[in-house]
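**Q** need a 3D model of the sequence below.
(chains A and B)
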Protein chains: 2
Amino acid sequence: MTDSEHKNPLDFQSIMFALQNYWARQGCLIWQPYYSQVGAGTMNPATFLRVLGPEPWKVAYVEPSVRPDDGRYGINPNRLQMHYQFQVILKPDPGNPQELYLDSLRAIGIDPHQHDIRFVEDNWESPALSAWGLGWEVWLDGQEITQFTYFQQSGGMVLDVPAVEITYGLERIAMALQRVRHFKDIRWNAERTCGDVNQVGEREHSTYYFEVADVPRLRDMFNLFESEANLALERNLVLPAYDYVIKCSHTFNILDTRGAVGFTERQALFGKMRDLSRRVAEAYLAQRTEMGFPWLKAVESAPETAQPMLPELKTGTADLLLEIGTEELPTADLAAALAQLETGAQALLADARLEHGEVRIQGTPRRLALMVRDLQTQQPDRVLEVKGPPAARAFDAQGKPTKAAEGFAKSRGLDVSQLRVSETEGGSYVVAEDSEKGQSAAALLAGRLPELCESLRFTKGMRWNQTGKVFSRPVRWMAAMLDGEVIPFEFAGLHSGCQTRGLRFAEQPTCQLNGLQDYLAYMDAQGIVLDPEKRKAQVWEQAQALAAKVGGKLADDPDLLEEVTNLVERPTAMLGTFEQGYLESLPAEVLIGVMRKHQRYFPVLDQDRNLTQHFIIVRNGDARFEDVVVDGNLQVIHARFADAEFFIREDKQKPLADFIPRLAQLTFQKDLGSMLEKTRRVQSLTTGILNKLGVPADARRAIDRTAELCKADLATAMVIEMTELQGVMGKFYARLSGEPEAVAQGIFEHYLPRNAEDRLPEGEPGLLVGIADRLDSLAGLFAMGLAPTGNKDPFALRRTALGLAQLLTGKNLDFDLEWGLKLAGEALPVPFDSQTLKAALEFVTGRLRGLLLERGYRYDVVDAVLKAQAANPAKAGRFARSLGAWTAREDWGSILPAYSRCARITRDIKETFLVDENALVEAEERRLLASVRAAQARLEGSPDLDAALEAVRQMVPEINGFFDKVLVMAEDEKLRKSRLGLLQSIVALVQPLADLSALEGF
Amino acid sequence: MTDSEHKNPLDFQSIMFALQNYWARQGCLIWQPYYSQVGAGTMNPATFLRVLGPEPWKVAYVEPSVRPDDGRYGINPNRLQMHYQFQVILKPDPGNPQELYLDSLRAIGIDPHQHDIRFVEDNWESPALSAWGLGWEVWLDGQEITQFTYFQQSGGMVLDVPAVEITYGLERIAMALQRVRHFKDIRWNAERTCGDVNQVGEREHSTYYFEVADVPRLRDMFNLFESEANLALERNLVLPAYDYVIKCSHTFNILDTRGAVGFTERQALFGKMRDLSRRVAEAYLAQRTEMGFPWLKAVESAPETAQPMLPELKTGTADLLLEIGTEELPTADLAAALAQLETGAQALLADARLEHGEVRIQGTPRRLALMVRDLQTQQPDRVLEVKGPPAARAFDAQGKPTKAAEGFAKSRGLDVSQLRVSETEGGSYVVAEDSEKGQSAAALLAGRLPELCESLRFTKGMRWNQTGKVFSRPVRWMAAMLDGEVIPFEFAGLHSGCQTRGLRFAEQPTCQLNGLQDYLAYMDAQGIVLDPEKRKAQVWEQAQALAAKVGGKLADDPDLLEEVTNLVERPTAMLGTFEQGYLESLPAEVLIGVMRKHQRYFPVLDQDRNLTQHFIIVRNGDARFEDVVVDGNLQVIHARFADAEFFIREDKQKPLADFIPRLAQLTFQKDLGSMLEKTRRVQSLTTGILNKLGVPADARRAIDRTAELCKADLATAMVIEMTELQGVMGKFYARLSGEPEAVAQGIFEHYLPRNAEDRLPEGEPGLLVGIADRLDSLAGLFAMGLAPTGNKDPFALRRTALGLAQLLTGKNLDFDLEWGLKLAGEALPVPFDSQTLKAALEFVTGRLRGLLLERGYRYDVVDAVLKAQAANPAKAGRFARSLGAWTAREDWGSILPAYSRCARITRDIKETFLVDENALVEAEERRLLASVRAAQARLEGSPDLDAALEAVRQMVPEINGFFDKVLVMAEDEKLRKSRLGLLQSIVALVQPLADLSALEGF
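**A** Prediction:
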C-alpha cells in the first residue's frame, strides 16, 4: 500500500468501529455476536433465521468464529481456531451490493485504486445448516479477505428473497492494512496486539481441540444437545432449539478435530443436524407467518417509468451492440455463456430475417457482448399464406363460395374474391395471402433480446432479486444499441440503456455510448480485452516474458491459463518471488499445488524444468501500484506455505501406515463405506488379480504393501487440505517412513493416469493397485446407481473408466474386465447383479471406444473389434491396430466381400451345422472345405486376428469359386446344412476376434 | 429529560457505539462478548482473568448477559432473561473513575445536570466465581442504570491491583434516554425496536428455562462440563477450562430456574464451581508469572514532589479544617466514621495539648469534616523529668556523684550538678529535667492527621490503589487547613490541600479555600447540609410537608429516614404518584416494601394510616428538573410493581402448601439442612411444646397447620425477590389458598416481634410456632458454633433470642427454656451437648437482661431475678416487677438488712441443717421458728416472690430480735446447727425465687 494510505492505518478495533458505522449508515441494524460458539457469522440466528421468509432485513455484526480444525497453536500467520468475522446481511439485494462493499473498504482505509481487488468464484455450503449460496471470495492483492454470497437456501428452504451475505475476515484485512505478517502483530489498539490478547488462547484451544478433549464425553454432550433441541422443537421454541443445534455443531467440530468421527457416525451426525436445522427453519417461518410477517411493508410500487420509445432508424444498416453487464462470472460460466450467446444470436438473426455483417461474441468476467456489424435496420416484408377451410367445403358444386369461405375471408379482412385455392399434401384448401410488413430491427430486437438473455443456462444458476430470474451471477446493467439508439427492453428488473461500465476503479468508471464504435473505443481506453482468445494470448505472452526475464520458463498449463484469462478484464502479469527456503522444506508438488490451486499463479521453472522461487501473478488492471499488489500476494503465499509446512510437520510425526486407521473417518460413499473399507476391498481385489495373473510371491510384497498404503495419505493433514496432492504426499511420506521405493512409487502411480494426457505407471504396484482401485469404484458406484448422467459425474467415473482403458491398452495387459468387475462386485457391501455388471462393462467400453477413435482408428474398425473384445481392452487395442491395417490394404476390397458373402448368408441361422464331407458334391466346395480345415488347424487356439484374416485372404479364390459354382440352398437338406456349415466354419475363424459385419462395405 | 436533551436521543446501537468510542478514547481495548452464555460481563475472561495479577488492563465491551431466572416472557418492562451490559474494566484505578463514568453518560446524551444521579451502596459477590467487590449501583432518577465496583477478589484470590468495574445496563439507559416505558419500545436503529428483534426470544427462552428444560439432561451436562474443565486444568489449559466453568454456571442457572436444585445439591454445585474458578485463576496467574508479566511496564516513578513546607502561623489561635473527600460512603459507614472521627479527634487534641474552642464533626456521603475553632497554633513548652539511676548508686557514701551519675548527666546533655534526686514510690532516684519545646500545631497535625485518617475502621473496608490503604470507599481529596494555610500530609497516595468539591454537577464544582469560614460558606452556597442531624430534620420536614399537601401523613420510620439522610448531601423532597390500580392489585406491604427497600421512598398514608398512591422521593440536589427526576422515578416504580404483579400472579397459580416441597431448595444453614428440614423440626418441636403445655386437641389443629406452612412462602417468587415480605406473603397466599384465618395470621405472626419495638402475636399459632422456630434456630446455630461474636451475627441470633424473651415475657407465658432448647437440640442433625445448651441459654438470658433493664428495672434487681429465673423469662419479668416494687418501698431499708443477715451467715455452708425445735433454747429463736413455720405453711408450693417477701417483712422484728439475743455459732453443735437451719429456712423462702444477694445494700 502506498505511504499515504499507510500513514495511520486503523487499529483492529477501529476497523470494527468503521465497519459498524459504515453499515449502520447503510441502514443495517448492528447486532451482537452469538452467545455460543459458532463456526461463522452465518450461524447467528440474525442470519440463519432472518434470511427466511419475505421480510426485509439488514444487519451487520462482528462474530468471533470458532473453527477447532483451523487451530494452529497460534503459529500460523492467519489460520486460527478463532477469527473475527464481520458479517453483513442485505435482504433484499439493494441492487449494488458490490459497490457498497467496495465503499466499505474505503471506509476502513483501503483505497481500491491502489490494489488488485477481485471477485473469484467461491460458492458456499453448510451441510449442517442445509444452506447454500453462490458468490465469490474477494481477493485483495491475492489475499482472500471476504466471502460474498447470494444466499439461496437456508435450513433446507429455498429463500423467498435471496439475501446478500458479506463476510469480512477481519484479521486478514487488518494484516493487509497494517502491513504486518502475522496475526499476533496486528495492533488491536494503541497498546495491545492481537497476539497479546489471543495468542495464548490459540495455543490452549488448539491443544484442547486436537489433543485433550474427551471423545466419549463430547459424544454425550452432542446427544444431550440434540435431545434438548428436539424437546424445544416439540414446544415450537425456535430460538432455544436453534441454540442447541449450534451447540451440536460446535461439539461435532471438536469431535472431528479430535479425529474421532468415523464415516458412519459422520453421516448420522450430519443427518441429525440437517434435520434439526430444517425443522428450526420451518418453525421460524411458521412463527413469522402466524405473526403476519410484521416487518413486511407494502412494497412501494416503483414509479411507473414510461415505456421508452422505440428508436426510429433510417432504413439501411446499423451496428448492433448488446452488452450484458454482470457481477463477476465464474470462469466456466463465462465460456459457457459466450458459446450459448453465439448460437442464440445466430438463430435470432436468422429467424428475424435481418441481414448483417460480421457477428462477434466476446466477453470478460463482467460483461457478455454481442456485436453485429451492418445489421439491416428494417426486416423485409413478406407474403404468408393462411390456410382456410378445405376447398370442397368452401365452394359449392357450382363453384360459388359458401358461408365458410365468406367467413374465412372476412376473418382475414379480405373480400371472398381475394381467396385462392392451394394444393397441399393434405388436400386442396382455400388460402388467403397475408402480406406481412417487415418490422423495424429495433422493434424486433426489443422483443427478442430479453429472450436471448433469458435463454442462457448455467450449471448453477442463481436468483438475486424478486423477479426470480436466474443467471450465473446478477446482471447489473445492459447496453443495447443500434448505432446511437437504445433498443429498449427489460430483463430481471433492469432496463436496457446506453451506458457501460469500465474497470471497477477506473478514473472514468462509466461511459455513455453512442454506438458500437464508441463501445470498442472505451473498452480499448480502459485496457479491457474483450476477446477471450486475445486476452489469453496476452496473459501467456506477458507471463512467459516475465519468466524469461529471470531465466525461467513456464510449463504448459491450458486449464490454468483459461482460468486466469477469465478472471481478468485487463491482464497485467507481475513477477513474484518467494523465499528460497520453501524450495527445500516443501515438495515441489506442494508449492506448485498451492500456487496453482489457491492463487492461480504460474510457477516459473528453470531450464531443467525444476521449480524456481519465482512465480507469475496476473492481476486485473494496469501496472500501477505493482509493489503493493506484489507485496500483498507475497504475504498470502507466505501464509499458505507456512500452513503447508505446518501440515507436513504434523504429518511427519508418525509413519504413513499409522494414518490407515483414520481412513475410517473419511467417506468414500455413503453406502459403500469409508476409505478404510475401500482400501480393504482394494487389497483383496489386488490379491485376486495377482492370483489370476499368477504373479510370483517375491514380486507380490511391494504390490500388497502398495494396496495397503495406497489411500493412507488421504488422512494426512496436507492432503485433507489439498486433495490434489493425493499420491504425491503418499509417495513423499512413504519415503520418509522407510517404505521401499517401489511402494512409494506405487502409491503415487496408482492414481496414474490422472487424465487423458497423463503418463502411465511404470511399476507393477501402481498398475495393478490402480486397476483394482478403479474396478472397485466402478462396481460400487454403478451398484449404487451413481453412473454418470448428462453433466453429472460427481465421482469422476468417466475418468475412472477411461483410466482403466488407458492402463490396459497402454500396458497391453490382457485382462478380463468382466471377471474383474464381477470379483469387485462380490466384495461390495451392497448387492451387485448381472445387470449392473453389464452396465459397468458397457460404460468402460464406451471410454475404450473413445480412446481407440482418438488414436485414429476408423469408427467401423473400432466397432468391429469392440463387438468381440470389449472385455479385454488390451486385445481390443491390438486387434484394432491389426484390423485397421487390413482395412487399409489394397486387396481388402476382395477379402471383405468374400468373407461377408459367407457371413451374410449364415448370420440369421441360429443353429451351427456340422459339415458332412460326404454329402458335399461339388469340387469347389470340397476344395474350400480343405482350405478351411487347414486354416483351422493352423489357427488352433490362437486368438490372432492377423492370422485369421490371412487365412481368409488365402481362401478368397476358393470362396469366390464356391459361390460361383455351388447353390448353397440346395433342395437336399443334408447337403444344404453341410454347405451352410462350411460357410459357418469360415466365419467362425474371424467372428470371435472381430465382428467384421460392423465394417463399412460388409 | 429536557426537550433539548431529547431532541434526538440515541438509538440503542448508537448508545453502544458511543460508549465504545468514549472508552476507546480513554485507552480501553474494545473487546467482544464471550462466546458462551454468561450471566454478566464479569464472567468474560477479559474481566475474570485479566483483573488478576499486577498487569495493567483497560477494556470495554458489550456483553449480552443471560440470566434464566430473570426471564419474564417478554412482559416485564425491564426484566429480561437476556439483557445487554456494557462492561468496563480500569486497572489500576485511574484516580477519577466516577468522573470518567459520568462523562461517559454525557457521551450518550445524558446531561447529568438535569438528573438525580446517585451512587448507592451495593456490593457485589459471585459465589460461583469466588469473587467480590465493593461499590454502588448508580441511580439515574431512581433507576439503577449501572453497577460500579471496586473489584477486590476474583477466583478466590485477592487482587494484586484492585480494578474498577463499571457495568452499564443498556436497556435501562436506553429506556430513560428514549423515554419509553418498555424494553420492547426501545428503538434499536431507525427501523427496528428491541421488541422487534428480542421479544420472541424473551418469550421462548423464558418458556424453555422455566417450563421445558430437561432436568436430568442438564445435570448430565453440568457433570460433563465439569469433567472437561478438570481435564483441561490437568493440562494447564486455562481458557478451555474456564470456558467449561462458564458452561457449568449457565447450566446451573437453568437448573435453578427449573426449581430443580435442592439445598444439598446447591452446596455441592457451588462448591465445584468455586473450586474450578479458583484453580483456573491460579493457573492463569501462574501462566502470566511464567511469562514474566509481559504487560507490566516499569512503573513510572511519580516525579518527586518537593515535601511541602509547613506553614508558619502567628502564635495565637486558628480554625482547623480537615475534610476527607470520598466517593459515596455507604450510609452505615458514614455514621460509623463520624463517631470514630469524634473520638479520634478529641484524643488527638488532648494528646497534643492544644487548647481549642468548639469541635464539630459532620459529614455527608462524600465528605467527613473535622472542624475546630480557635485551636492554639503553638503547643505550650513543658518540663519533663527523666529518671536516672537510683540515688544510692548515683552518689557515693560521700554524696559525690559516681560515674553512673556523670554518665546519665552527659546523656541528657547536662552537667552533673543539674541533676536532682526525686522520691518516687519505687524509691529514690536521680532525675534530670528536660524542658520540651512546644511544637507548632501545624507540625503536630501534619504528623497526626494521616494517622487519624488511617485509624478509621469499617465493617467492610476496601483497597483501591497500590498504597494498599483501606477505607470504606476511595478517598479522592483532602482539605487540611489551619486558617488559610495548608497542613501538608499524605494519605493513600493523596496530598492534602486547600481545595474542596461541591455537589457533583454544580456550576462551581470545586473551590479553593482560605480557611474554615470559606468552607462553610461554600457548603452553604452549594446547599450541602454538612450536619447529619440538620439534614435529617430537613428531609423529614420536607417529606411531611409534601405528604400534607396531598392530605396524607408519614409513618415514623427512623431507619429509612437515617438512610435517606445519609444518601444525600442536599436533600430535596419530591412527590411521586403511582397508578391507583396497584393499590388494588398488590398488598400494601408489597407496595411499601418495594418503595422502602428498593427505592428508599417514604410511602404516604392517609389519615386512617392506609397507604395512598403517593410517595416521597428525596433526591440529591435542588429542585431543578423536578419533572425529569420524578418521571424517571415513576418509571422505576412502575417496573418494580409490574414485577411484583408478575411474581404474585405466578405464585397464585398453586396453593401455598404446594410450595413446601420447594423449601428443600432453600438453605437454612449448610450443616443444618434446608428450610424444609427446618420446617419439619419446627413442626415436631411445636408438637412437643403443645404436649408440654397441655393444649387441647381442637386448639391444636390451627397451630399444627401453621407450623407446617410457616416457611412455605419463602419458596414463592415474591418472597424470593423480597425476603422482608416473608410472613406477609404467607398470610396473603394462605388466605387465597383457603387456609383458616388463624393459620394465615399464624404464618404472619410467627415472625413477630421482628424487632425490639415490634408488636407480639395475637394468636396462639403465631406465638407457639414462633417459639419453636426460634428454639430451633438457637439450638442449631449454637451447635454449629455460629453464636454471634463482635459485630458478626449473620443469622441474626440476637434478634432471635430477644424475640424469645419478648414473647415469653410479653405474653407472660411460663416456659422452661432449658427444656425447650434441650428438646430442640435433640432434633438436630448435629451433636448438641450440655455445653452448647448452657451457652444458648446464657445468650437468651443476656437478651432478657437487656430487655428488663430497658423496662427500667434496676440492674441489681434484674440480676437478682435472673440469677434465679433465667430459664423462665415470664417469671423473671413478673419477679422483676415485684422486686422492683419492693426495693422502692420505704421499709425496704429494714427488710433487706434483716434478710441479708440470715443469708450472709449461712451462704458459705454447703449443708442444709434441720431445725431441732427441742434444741432451741431462747425465746427469740422459738418465736422466729414459729413465724417461719407459719410462713412456710402459707407459701407452700406457691412461687410468689411478693408473698415470700411479705413473709420476710413480717418476720423482720423476730429476725432482729433473734440476732440481738441469740449467738448463732453456739458451742453446742446441735444447737448451732438448729440455729443455722432456722436461718436457712428463712433464706429458702426467697432464694429459689430471687437471689437478693445481687441487690445493692445486701
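**Q** just read off the phi/psi values of the residue located most distally from the centre of chain A.
**A** Computed with CA atoms, centre = their mean, the residue of chain A farthest from its C-alpha average is A:Q398, at 70.9 Å. A:Q398 adopts backbone torsions of phi -80, psi 0, taken as degrees, to the nearest 10.
**Q** interface residues of the stretch 151-300 of chain A facing chain B?
**A** Counting by CB under 8 Å from any CB of the partner chain, the stretch 151-300 of chain A comes close to chain B at A:188-192, A:196-197, A:200-201, A:204-205, A:207-208, A:211-214, A:217, A:220-221, A:224, A:227-228, A:231-232, A:235, A:237-240, A:287, A:294-295. All C-beta atoms are positioned from the backbone trio N, CA, C, and that covers glycine.
**Q** buried ones among the residues you listed?
**A** Burial by neighbour count, judged by 16 or more other CB atoms under 10 Å in any protein chain shown, picks out A:188-189, A:191-192, A:196-197, A:200-201, A:204-205, A:207-208, A:212-214, A:217, A:220-221, A:224, A:228, A:231-232, A:237-240, A:287 from these.
**Q** out of the residues of the stretch 151-300 of chain A next to chain B, list just those in helices.
**A** A:196-197, A:200-201, A:204-205, A:207, A:217, A:220-221, A:224, A:227-228, A:231-232, A:238-240, A:287 (DSSP state H).
**Q** against A:S422, how distant is the residue farthest from the centre of chain A?
**A** Look at A:Q398 and A:S422: by CB to CB, to the nearest Å, they are 21 Å apart.
**Q** A:E922 is in contact with A:K965, correct?
**A** Yes - with contact defined as CB atoms under 8 Å, A:K965 reaches A:E922; the gap is 5.5 Å.
**Q** of those two, which one has the most company?
**A** More neighbours surround A:E922 than the other of A:K965 and A:E922, with 15 against 12 (other CB atoms under 10 Å in any protein chain shown).
**Q** what sits closest to that one if chain neighbours are left out?
**A** Distances taken as CB to CB, 6 or more residues apart in numbering or on different chains place A:V966 nearest to A:E922, at 5.0 Å, with adjacent residues excluded.
**Q** on the three-state scheme, A:G438 is what?
**A** In three-state terms, and counting by DSSP: H, G, I helix; E, B strand; the rest coil, A:G438 is coil.
**Q** tell me the pLDDT at it?
**A** A:G438 is assigned 88 on the pLDDT scale.
**Q** tally of neighbours for it?
**A** For A:G438, using other CB under 10 Å, the count is 17.
**Q** do the one 5 residues further on as well
**A** By the measure other CB under 10 Å, the count of residues near A:A443 is 16.
**Q** any weak-confidence spans in chain A?
**A** A:1-7, A:298-307, A:941 (pLDDT under 70).
**Q** and A:T572, what helix or strand is that in?
**A** Assigned by DSSP states H and E, A:T572 falls within strand A:571-577.
**Q** which of the helices or strands spans whatever residue of the stretch 401-550 of chain A ends up closest to chain B?
**A** The stretch 401-550 of chain A approaches chain B most closely through A:Q466 (19.3 Å), counting by CB to the nearest CB. Remark: A:Q466 resides in no helix or strand, with elements defined by DSSP H and E.
**Q** what do you get for A:V769?
**A** helix A:764-783.
**Q** distance from that helix to the middle of the chain?
**A** Distance, stretch centre to chain centre, for helix A:764-783: 23 Å (CA atoms, centre = their mean, to the nearest Å).
**Q** and for stretch A:266-286?
**A** Offset of stretch A:266-286 from its chain centre (CA atoms, centre = their mean): 28 Å.
**Q** what of stretch A:905-921?
**A** In this view, stretch A:905-921 has its centroid 56 Å away from the chain centroid, taken as CA atoms, centre = their mean.
**Q** just the CA trace of it, in CSV.
**A** C-alpha atoms of stretch A:905-921 as CSV (Å, rounded to 0.1, in the frame of the first residue of the first chain):
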residue,chain,number,x,y,z
ILE,A,905,-25.9,-66.0,-45.8
THR,A,906,-25.4,-67.6,-42.4
ARG,A,907,-25.9,-64.8,-39.9
ASP,A,908,-29.6,-65.4,-39.3
ILE,A,909,-29.2,-69.1,-38.7
LYS,A,910,-29.2,-69.9,-35.1
GLU,A,911,-28.1,-73.4,-35.4
THR,A,912,-24.5,-74.4,-36.1
PHE,A,913,-24.3,-77.2,-38.7
LEU,A,914,-21.7,-79.8,-38.9
VAL,A,915,-20.2,-80.3,-42.4
ASP,A,916,-20.8,-83.8,-43.6
GLU,A,917,-17.9,-84.1,-46.0
ASN,A,918,-19.6,-87.0,-47.8
ALA,A,919,-22.6,-85.0,-48.5
LEU,A,920,-20.6,-82.4,-50.4
VAL,A,921,-20.9,-82.9,-54.1
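**Q** in that stretch, what counts as buried?
**A** So stretch A:905-921, judged by 16+ other CB under 10 Å, has buried residues A:905-906, A:913, A:915, A:919-920.
**Q** now do stretch A:528-543
**A** In stretch A:528-543, counting by 16+ other CB under 10 Å, buried: A:528-532, A:535-536, A:538-540, A:542-543.
**Q** so what's the closest residue to chain B within the stretch 51-200 of chain A up against?
**A** Closest residue of the stretch 51-200 of chain A to chain B, CB to the nearest CB: A:N189 (4.8 Å). Listed by CB atoms under 8 Å, 6 or more residues apart in numbering or on different chains, the contact set of A:N189 reads A:11-14, B:24, B:27-30.
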